[in-house]
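Undergrad: Need coordinates for the below:
(2 chains)
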Amino acid sequence: MEAFGLLMHGFAVLMTWKIISLMVVGLVLGIFVGVLPGLGGPNGVAILLPLTFTMDPTSAIVMLSCIYWGALFGGAITSILFNIPGEAWSVATTFDGYPMAQQGKAAEALTAAFTSSFIGSLVAVMLITFLAPMISSFALKFGPPEFFAVYLLTFCSFVGLGREAKHKTVISMALGLLIAGIGMDTVSGNLRMTFGSDNLLRGINFLVAVIGLFGISEILLTMEERLALRGHAAKISLRTVLKVWMDLPKYWVTLLRSSVIGCWLGITPGGAIAASFMGYNLAKRFSKDPESFGKGRIEGVFAPETAAHASGTAALLPMLALGIPGSGTAAILLGGLMVWGLNPGPLLFVEHKDFVWGLIASMYLGNVVGLVIVLTTVPVFASILRVPFAAVAPMIVVSCAIGAYAIQNAMFDIWLMLGFGVVGYVFKKIGIPLAPFTLALVLGSRAEDAFRLAMIGSGGSVGVFWSNGLVGTITTLAITLLFWPLIDRAFTAVARIWRPTPVTT
Amino acid sequence: MSNTDLEIIVEDPTAPEDDSPSVVSTRTVEIIASLVLLALAIVLGFDNWRTGIAWDSTGPQPGYFPFYLSVILGGASLYGLITTFFARSGSSDTFVTRAQLRRVALVFVPTALFCLATQFLGIYVASFVLIAGFMRMVGKIALWKSLLTAFVFTAIMFVTFDVAFDVIMPKGPIESALGR
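TA: Have a look, this model is predicted:
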């Protein structure tokens, strides 16, 4: 129960007025970001990151992670009231949430969504509390080959398990890794791929790329669509909340199932989007009355929301324990850690106890405070959508530019952001996924360092990645995942030869 | 219990028409993107080859890792190029219609001008002009509302970043005339 004592210590770190108020500010900003179309979790965190540069790491991570929780909560508001998923992971919430709002049960649907989000996160945070210290103490024994193998596993699982065309995922990832390599080489001090440009000497900061790729491109995409909306206003009364909560025990199977799915998909880089759909589909399949799904069934709100939040939270587990983010937003938080001078990875649990346990405690506290805020302030946030997009769009552009500039105080970065905005727009429209790009950009130099150190250690033999049981298993697993679609196809083909379809006589 | 009679309705008068003609197909854009990525892979690959992709006494030379990445990028782009080129059907979807392109340009051009203005006028003046101009010209919002919103937003940004958090932003002649 060492974790429990440390967690209590974490709570003690948080209990200052400054941190509590930063938490509330972060949550409100996050809900705002989640509700507004054209902004999302990753953008919100990326744009607001510069605000935290002058804070101490604990306050900074508390505020940023609260923005993230807020964005997760906020996505549900627009899905239910307007049938517009503010985030991709709230698409499944619209299936039953919007019909409920149409039937006049908007308040129940919202309460259900917020409560199940809360439960999902809570399960995932508990998992983090007990699992993360164990994984990180195990990972302390890792050397460069092991780390490279883990990075390889992350990259390969994106290619092998992603739903996009394989070559597009590979393009996205290779491009991200290449861009991460621009500038001064950390091992030899040589310049790489700068083509004599002074501006490229510093390298391309990944936050600038993220702000362009997600923020600017999202504005361009949003403008393409018809922005008219029509929805319901809702107010949540205490009676509704209590009524929904009284019914909760009836749905414990759904809640538990979705939490497990979410935690699992959050740790593996699959993400909240897949989790929310899977949670919904499984709830539907196991239901006694699957026909009623899609027509305003409260379980149809519980299932995807629990899964999405569990997965969004669980994505922070590999980030904390191994320094490998499980989602785009986690990748940005990881970038934040580096800006504040912390070295992500297993050593974090040893060297920065206050920070890590403060963060974990803030996940508990942030979710409780978040639940209270959303339940009480829904009408205010729903009315944000009345603000015309023509006013919101330029403000987002300005915020993006300020964010991009503040990272390195360079005008060049504002132009880079604009360039990445165009790249993001084109990539999204031709189906090149952006998540592998972000991940490659943030992990690129560390993956390369691990690779080179491993190779130097072995004198240039690739055999080092199979030199002991642990690293060998991870590397083999990575390569299996990379070729998973081929292996799967081969198995099916072999099975067909062995068991030929019975010939009818 | 919940008041569904309270509806929120937002109209979009300048929405793109649904029947607008296509400007370019997804297939064409995919081919162009593949070609650009392929060219990029060749340029970066060449640069890394020049830096050194061999092994010396201290291990792999700096160009080693990125060189092979450029090879992977080039290979994947080439694969994409060939498959798109020979794909007969399915990929002739519209990439963007004329009306959509107009709307995208409506945001993109002001954003690019804003970046240019930031370089010369500083970020605060540029952001005031962008917000007020965009709301007035694109959103057709009343002039006083546009000016007021732009002023309030820019002022909040200034106070938050420059005063409260000490994050220095690019400034122009107007700020220096005011002594900041």
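
Undergrad: mind checking pLDDT for residue 55?
TA: By default, I'm working from chain A. On pLDDT, residue A:55 comes in at 78.

Undergrad: actually chain B
TA: 77.

Undergrad: Could you look up the SS state of the closest residue to it other than its chain neighbours?
TA: Nearest non-adjacent residue to residue B:55, counting by C-beta to C-beta, 6 or more residues apart in numbering or on different chains: residue A:460, 5.7 Å away. In this view, the C-beta of every residue, glycine as well, is placed from N, C-alpha and C. Counting by DSSP: H, G, I helix; E, B strand; the rest coil, the backbone at residue A:460 sits in coil.

Undergrad: ok, how many other residues are close to the closest residue to chain B within the stretch 251-400 of chain A?
TA: Among the residues of the stretch 251-400 of chain A, residue A:390 lies closest to chain B, at 2.4 Å counting by C-beta to the nearest C-beta. As a burial measure, residue A:390 scores 23 neighbours (other C-beta atoms under 10 Å in any protein chain shown).

Undergrad: Which other helices and strands does the lengthiest strand in chain A contact?
TA: Selection of the longest strand in chain A by residue count, based on DSSP state E, yields strand A:229-232. Counting contacts by 3 or more C-beta pairs under 8 Å, 6 or more residues apart in numbering or on different chains; DSSP states H and E, strand A:229-232 is packed against helix A:57-82, helix A:91-102, strand B:7-10.

Undergrad: Hmm, the residue of the stretch 251-400 of chain A closest to chain B is touching residue B:142, no?
TA: No - assessed by C-beta atoms under 8 Å, residue A:390 is found out of contact with residue B:142, at 11.9 Å.

Undergrad: before we move on, which element is the residue of the stretch 251-400 of chain A closest to chain B in?
TA: helix A:389-408 (DSSP states H and E).

Undergrad: Whichever helix or strand residue A:304 is part of near chain B anywhere?
TA: Element membership of residue A:304 [criterion: DSSP H and E] is helix A:299-314. No - judged by C-beta under 8 Å from any C-beta of the partner chain, helix A:299-314 makes no contact with chain B; its nearest approach is 14.2 Å.

Undergrad: Let me see the contact set for the nearest residue to residue B:65 once chain neighbours are set aside.
TA: Spatially, and ignoring its direct neighbours in sequence, residue B:65 is nearest to residue A:448 (4.8 Å; C-beta to C-beta, 6+ apart). The contact partners of residue A:448, by C-beta atoms under 8 Å, 6 or more residues apart in numbering or on different chains, come to A:177, A:180, A:181, B:65.

Undergrad: So which of these wins on neighbours?
TA: Highest neighbour count within those: residue A:177, with 27 neighbours (other C-beta under 10 Å).

Undergrad: these two touch, right, it and residue B:70?
TA: No - Residue A:177 sits out of contact with residue B:70 when judged by C-beta under 8 Å, with a separation of 9.9 Å.

Undergrad: Pull up the overlap in contacts between the two.
TA: Counting by C-beta under 8 Å, 6+ apart, no residue touches both residue A:177 and residue B:70.

Undergrad: Tell me how many other residues surround whichever residue of chain B sits closest to chain A.
TA: Across chain B, no residue is closer to chain A than residue B:139, which sits at 2.4 Å (C-beta to the nearest C-beta). Neighbourhood size, residue B:139 [other C-beta under 10 Å]: 19.

Undergrad: what's near enough to touch it?
TA: Contacts of residue B:139 by C-beta under 8 Å, 6+ apart are A:388, A:389, A:390, A:391, B:146.

Undergrad: now do 7 Å
TA: With contact set as C-beta atoms under 7 Å, 6 or more residues apart in numbering or on different chains, residue B:139 has these partners: A:388, A:390, A:391.

Undergrad: Sketch out the helices for chain B, chain order is fine.
TA: With helices called from DSSP state H, chain B shows them at B:26-51, B:64-86, B:98-121, B:123-137, B:143-157, B:173-177.

Undergrad: go on, the stretch 101-250 of chain A?
TA: Ranges of helices in the stretch 101-250 of chain A, per DSSP state H, counting those that start in this stretch, are A:106-139, A:144-161, A:166-181, A:206-210, A:217-224, A:238-247.

Undergrad: same question, the stretch 301-450 of chain A
TA: A:316-322, A:328-339, A:348-351, A:353-382, A:389-408, A:411-430, A:435-458.

Undergrad: Make a markdown table out of those and add mean pLDDT.
TA: What follows is these, written out as a markdown table (pLDDT from 0 to 100):
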| stretch | mean pLDDT |
| --- | --- |
| helix A:316-322 | 83 |
| helix A:328-339 | 79 |
| helix A:348-351 | 80 |
| helix A:353-382 | 84 |
| helix A:389-408 | 86 |
| helix A:411-430 | 91 |
| helix A:435-458 | 84 |
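
Undergrad: now the spatially most central residue of chain B, nearest residue through space, not along the chain?
TA: Nearest residue to the geometric centre of chain B (C-alpha atoms, centre = their mean): residue B:108, 7.5 Å. Nearest in space to residue B:108, with sequence neighbours left out and distances taken as C-beta to C-beta, 6+ apart, is residue A:220 at 6.2 Å.

Undergrad: Return the residues in contact with the one you found.
TA: If you count contacts by C-beta under 7 Å, 6+ apart, residue A:220 has them with A:421, A:425, B:104, B:107, B:108.

Undergrad: try residue A:164
TA: Residue A:164 is in contact with A:431, A:433, counting by C-beta under 7 Å, 6+ apart.

Undergrad: Same question for residue A:266.
TA: Residue A:266 touches A:124, A:272, A:275, A:310, A:311, A:312, A:313, A:314, A:315, A:326, counting by C-beta under 7 Å, 6+ apart.

Undergrad: right, and the helices and strands packed on strand A:229-232 - which one's nearest residue A:482?
TA: Nearest to residue A:482, of all these, is helix A:91-102, at 28.5 Å by C-beta to C-beta.

Undergrad: Give me the average confidence score over that closest one.
TA: Helix A:91-102 carries an average pLDDT of 85.

Undergrad: Over to stretch B:148-160?
TA: 90.

Undergrad: sorry, back to before: can you put the helices and strands packed on strand A:229-232 in CSV and add distance to residue A:128 and mean neighbour count?
TA: Converted to CSV, the helices and strands packed on strand A:229-232 look like this (distance: least, C-beta to C-beta, whole Å; neighbours: other C-beta atoms under 10 Å in any protein chain shown):
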stretch, distance to residue A:128, mean neighbour count
helix A:57-82, 12, 28
helix A:91-102, 24, 24
strand B:7-10, 37, 13
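
Undergrad: Break chain B down into its structural domains.
TA: Domain assignment for chain B, taken from automatic domain parsing, gives B:22-96, B:98-177.

Undergrad: Which of these has the lowest mean pLDDT?
TA: Among the domains of chain B, domain B:22-96 scores lowest, at a mean of 84.

Undergrad: Now do that domain: distance from first to last residue.
TA: Start-to-end span of domain B:22-96 (C-alpha to C-alpha, to the nearest Å) is 6 Å.

Undergrad: remind me which residues of chain A are low pLDDT?
TA: Scanning chain A with the threshold set as pLDDT under 70 gives A:1-2, A:37-41, A:86-88, A:226-229, A:269-272, A:499-505.
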